[in-house]
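Asks: Below: sequence and its predicted model.
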Amino acid sequence: MHLWLVLMKAHRTLERHARRSIEPLGLGSSDFAILELLLHRGRQPVNAIGRRVDLTSGAITSAVDRLEAQGLVVRTADAEDRRTRFVSLTPKGTARIREVFRGHKRAMEGATRGLTTAERETLINLIKKLGRAADEQLARDDEE
């Protein structure tokens, strides 16, 4: 239980740092998450975006509509499966997320400055291990 509380409190604080770095630049958390995903992973199916940034299908549709209206993303149909729609960054979207991400990266590096590089790597590996084990437990529980 103590581990959960410590992780939750750390997450809340880091989330505040993240919001402070992106909101003044006119992006909300979900819009930033979508644009950042597209910047680093390239064109994505709409449903994959929702899963990766933890948004419902309705929320992802609204977010993509909003980003598309701003000229930051474009939707295209899959040539092989017309039911599948892909989302990709426009040149304007690429420029925008690169600008915002630069400041966000600096802010998050500052927020984690209390750890050495080696400590960060260790923490990353431990949290990944914890997440994988928790996912496996959920899968086992779902099977029962």
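Replies: That came in fine, so what should we check first? These numbers were taken from a predicted model, which means no experiment stands behind them.
Asks: ok, and for the helix or strand harbouring Arg12, which residues are buried?
Replies: In this assignment (DSSP states H and E), Arg12 forms part of helix 2-22. Buried positions in helix 2-22, judged by neighbour count with 16 or more other Cβ atoms under 10 Å: Ala18, Arg19, Ser21, Ile22. C-beta: built from backbone N, CA, C; applies to glycine.
Asks: Now do the lowest-mean-pLDDT helix or strand in the chain: which elements does it pack against?
Replies: Lowest on mean pLDDT, DSSP states H and E among the helices and strands of the chain sits helix 46-53, with a mean of 90. Applying 3 or more Cβ pairs under 8 Å, 6 or more residues apart in numbering; DSSP states H and E, we find helix 46-53 packed against helix 29-41, helix 57-69, strand 85-89.
Asks: Helix, strand, or coil at Ala79?
Replies: Secondary structure assignment for Ala79 (DSSP: H, G, I helix; E, B strand; the rest coil): coil.
Asks: Look up how far Ala118 lies from it.
Replies: 47 Å (Cβ to Cβ, to the nearest Å).
Asks: what do you get for His17?
Replies: 22 Å.
Asks: With Leu55 instead?
Replies: For Leu55 relative to Ala118 (Cβ to Cβ), the value is 35 Å.
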